[in-house]
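Student: Let's see this in three dimensions:
(2 chains)
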2 protein chains.
Amino acid sequence: MAAGTHADVLVVGGGIIGLAVAWRAARLGLRDIAVVDPDPGGGAARVAAGMLAPVTELQYGEEPLLRLGMASNERYAAFAAELTEASGGQDTGYRRCGTLAVALDSDDREELRELHAFHRRLGLDSRWLTGREARKLEPMLAPGVRGGLHVTEDHQVDGRRLAKALVLACERAGVRLHRAEATELLVEDGRAVGVRLGDARTLTADRTVLAAGPRSHLLPGLPEGVLPAIRPVKGQILRLRIPPAYRPFLSRNVRAVVRGQHLYLVPRENGELVIGATSEEQGYDTTVTAGGVYELLRDAHEVVPGITELPLVETSAGLRPGSPDNAPLLGPTALPGLVAATGHYRNGVLLTPVTADLVAEYLATGSTPALAEPFSPTRFTTKVPA
Amino acid sequence: MAAGTHADVLVVGGGIIGLAVAWRAARLGLRDIAVVDPDPGGGAARVAAGMLAPVTELQYGEEPLLRLGMASNERYAAFAAELTEASGGQDTGYRRCGTLAVALDSDDREELRELHAFHRRLGLDSRWLTGREARKLEPMLAPGVRGGLHVTEDHQVDGRRLAKALVLACERAGVRLHRAEATELLVEDGRAVGVRLGDARTLTADRTVLAAGPRSHLLPGLPEGVLPAIRPVKGQILRLRIPPAYRPFLSRNVRAVVRGQHLYLVPRENGELVIGATSEEQGYDTTVTAGGVYELLRDAHEVVPGITELPLVETSAGLRPGSPDNAPLLGPTALPGLVAATGHYRNGVLLTPVTADLVAEYLATGSTPALAEPFSPTRFTTKVPA
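Tutor: Numbers count the residues shown, from 1 in each chain, chains lettered A, B, ... in the order given. Got it, this is the predicted structure:
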């Protein structure tokens, strides 16, 4: 694939968000699309557990985000199927398994009860279980589990396989992947016109999509005030293996809040059990620490004591891109020619299909879909570029 | 190096014990020595923390083993220096740092007090410290540390570098390393006469030294009753990294008994901090488990809470070879021509120099040195080979 010097749409950042935007834009008939990333398919999705949890992750006051998450969740099955086909058969590990959120003490139980009531007011499908009922559903749960909320519509996908499928689908759709670093945003006459690459080449573009996760706002050349700082929120995560003799071990995602920390166990059909995740705000550091691994094992052991028997096969850490309000930035920025698809915080894997559809639609039509409006990057604009 | 078909001395097993025996035998002037191992320098030493702790590991009723351990400890500095020279400069990480054994509660303190009294009766150098004195020596110790025993003569070595140095020293001394599996012990007229290799070649030998750790007694062809079963005792271990800003972090080995389990933290000069070890008897399994890692982190966190900040860089597991009385088997067996150097249990790294010297001396002179007598393999002989 020759490296062109001009693109109609240039995506900076080849994580799953950037790749999915490029692929969907190509599906909508846009031509001459390029993605710039030293390692396409890398990024946080390679670390993420891939839990698709718009319902169990719901927080008060986040109803637009809930709607966005639900919309993405609803299109996930079709998105995954289409992607598998478009990638030439790469499975994404999408699994409709449901999620069980459990309470370990009476405070947790009270919070889950309130979440349940909130679900009911919103008409969402969730069912209250006693501790005994929860253990009947998942026999590996600790005897101390005091109750749970069974959410049938929160599922899972495998971030690594998803990323791989997106790279393949982009290649097959004719998207050009420039395996290079974007070192500068080029701005001419108050308009984004492309990027400079690490090897000093320039790539000009009619529209530039910034999808560089927690490094989005750090791209040199970006005028001040166009994007807020995107916080890197470190998540450490473990991968265990469930030997055949122990399967299924868990049949659905299990989550809990332990000592104020969100814990989840995501059992894949291939026998992998992902346990996540810490949440640490300490800069661009992806070191796996003794303390991070310790807390995850301790907390997971409280919820599912039987994990101690399982092989621990991998520890890793990634960075979630957190915007000031923890909601994503989707669509045109205050800088003409510059579009954002970043700031997805804890929900990047979940929001990939809807982000790709909304941003691709904007690129194809020039108008912002209604679902994306609450997430306009301009809500953070502090200074209109001259 | 051509693979000969006969050796004067043939060592089965190229872990540190087998390699050290071969190297020392060559130093004593023996010629035509071969070591058979698919991966010389592998084995438990690659996993071990390398704590040299004859004094702090002392148990009542093990005085011959204490003497053996002390003898090995005394010759370690010279052994390491000689090995570095003989290997062409490979450092072994030998470090005279001392060890601090600490107590977390009053029961521990009582046990350490008794160990201290025992040390004094034996004339060993150990000094009792209050919790405050212990923390003054090692400021990273938990506030809960109730007292400690400072042993100046328990040191450390790096098992991986030691193994590498032994491979190099053997090669330079003309020891032939056969990178193959020994599949059968050859016995003729009631005498061990060599081994068959995986590729069906045979290697005959005047003397065969069995140094195959927990697989020693499993060598096909070994007559019944000559060797007892050697138990594989699994140890899981962690490697952390001490970033320069945190150094020294710990200045000497730190050990404790936490929930009945021996825990040690071995800080190397290169910034590695090794934390070990579990003790599990469940066959020939070297899987790293979630439970093993969890327990080590939990217990280490109790002794040195600051470990949580450190990067966790490696988890691994190895098998200690445990004889029925947990003491090694050194010297001639009841089968003429067959010599043992195995069963070192928790003390393989410590006992390497003395084992090598004693077994090499036996090979050179035909008589068993007095220090080795309590460790004669014949103490387990149940049936004299016909």
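
Student: Can you get me a residue count around residue A:188?
Tutor: 10 (other Cβ atoms under 10 Å in any protein chain shown). In short, each C-beta sits where N, CA and C put it, glycine included.

Student: Show me where the stretch 1-150 of chain A has its strands.
Tutor: Ranges of strands within the stretch 1-150 of chain A are A:6-12, A:33-36, A:51-52, A:99-103, A:126-130, A:147-151, based on DSSP state E, counting those that start in this stretch.

Student: now these in TSV, with mean neighbour count?
Tutor: As requested, these are exported to TSV (neighbours: other Cβ atoms under 10 Å in any protein chain shown):
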stretch	mean neighbour count
strand A:6-12	25
strand A:33-36	27
strand A:51-52	28
strand A:99-103	27
strand A:126-130	18
strand A:147-151	25
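
Student: Now the residue nearest to residue A:323 when sequence neighbours are not counted, what are its backbone angles?
Tutor: Of all residues not flanking residue A:323 in the chain, residue A:343 sits nearest, at 3.3 Å (Cβ to Cβ, 6 or more residues apart in numbering or on different chains). The phi and psi values for residue A:343, taken as degrees, to the nearest 10, are phi 80, psi 30.

Student: now swap in the one 5 residues further on and tell me
Tutor: Backbone dihedrals for residue A:348, given as degrees, to the nearest 10, come out at phi -60, psi -50.

Student: check contacts around it.
Tutor: Listed by Cβ atoms under 8 Å, 6 or more residues apart in numbering or on different chains, the contact set of residue A:348 reads A:15, A:16, A:17, A:44, A:45, A:48, A:213, A:320, A:321.

Student: If I look at the second one, what pLDDT would I see?
Tutor: Here, the pLDDT recorded for residue A:16 equals 98.

Student: Now do it against residue B:344, distance only.
Tutor: 51 Å (Cβ to Cβ, to the nearest Å).

Student: For the stretch 151-300 of chain A, what lies in contact range of chain B?
Tutor: For the stretch 151-300 of chain A, the contact set with chain B under Cβ under 8 Å from any Cβ of the partner chain comprises A:238, A:240, A:287-294, A:297-298, A:300.

Student: Apply 7 Å and report the result again.
Tutor: A:240, A:287, A:288, A:289, A:290, A:291, A:293, A:294, A:297, A:298 (Cβ under 7 Å from any Cβ of the partner chain).

Student: what about the third one, neighbour count?
Tutor: A total of 19 residues lie near residue A:288 under the criterion other Cβ under 10 Å.

Student: what residues are up against it?
Tutor: Residue A:288 is in contact with A:236, A:315, A:316, A:317, B:311, B:312, counting by Cβ atoms under 7 Å, 6 or more residues apart in numbering or on different chains.

Student: Among the residues of the stretch 151-300 of chain A next to chain B, name the ones in helices.
Tutor: Among these, the members found in helices (DSSP state H) are A:290, A:291, A:293, A:294, A:297, A:298.

Student: what sits against the nearest residue to the fifth one once chain neighbours are set aside?
Tutor: Closest residue to residue A:297 apart from its sequence neighbours, by Cβ to Cβ, 6+ apart: residue B:294 at 3.8 Å. Listed by Cβ under 7 Å, 6+ apart, the contact partners of residue B:294 are A:297, A:298, A:301, A:308.

Student: ditto for residue A:376
Tutor: A:331, A:368 are the contacts of residue A:376 under Cβ under 7 Å, 6+ apart.

Student: confidence score at it?
Tutor: Listed pLDDT for residue A:376 reads 97.

Student: can you check residue A:60 too?
Tutor: The model reports residue A:60 with a pLDDT of 62.

Student: Which residues in stretch A:165-175 does the neighbour count mark as buried?
Tutor: Buried residues in stretch A:165-175, counting neighbours by 16 or more other Cβ atoms under 10 Å in any protein chain shown, are found at A:165, A:166, A:167, A:168, A:169, A:170, A:171, A:173, A:175.

Student: ok, the second one touching residue A:23?
Tutor: Same thing as residue A:166. Yes. Using Cβ atoms under 7 Å, residue A:166 makes contact with residue A:23 at a distance of 6.1 Å.

Student: for chain A, which helix is longest?
Tutor: Under DSSP H, chain A gives helix A:63-86 as its longest helix.

Student: Against which helices or strands is that helix packed?
Tutor: Secondary-structure packing of helix A:63-86 (3 or more Cβ pairs under 7 Å, 6 or more residues apart in numbering or on different chains; DSSP states H and E): helix A:159-172, helix A:348-365.
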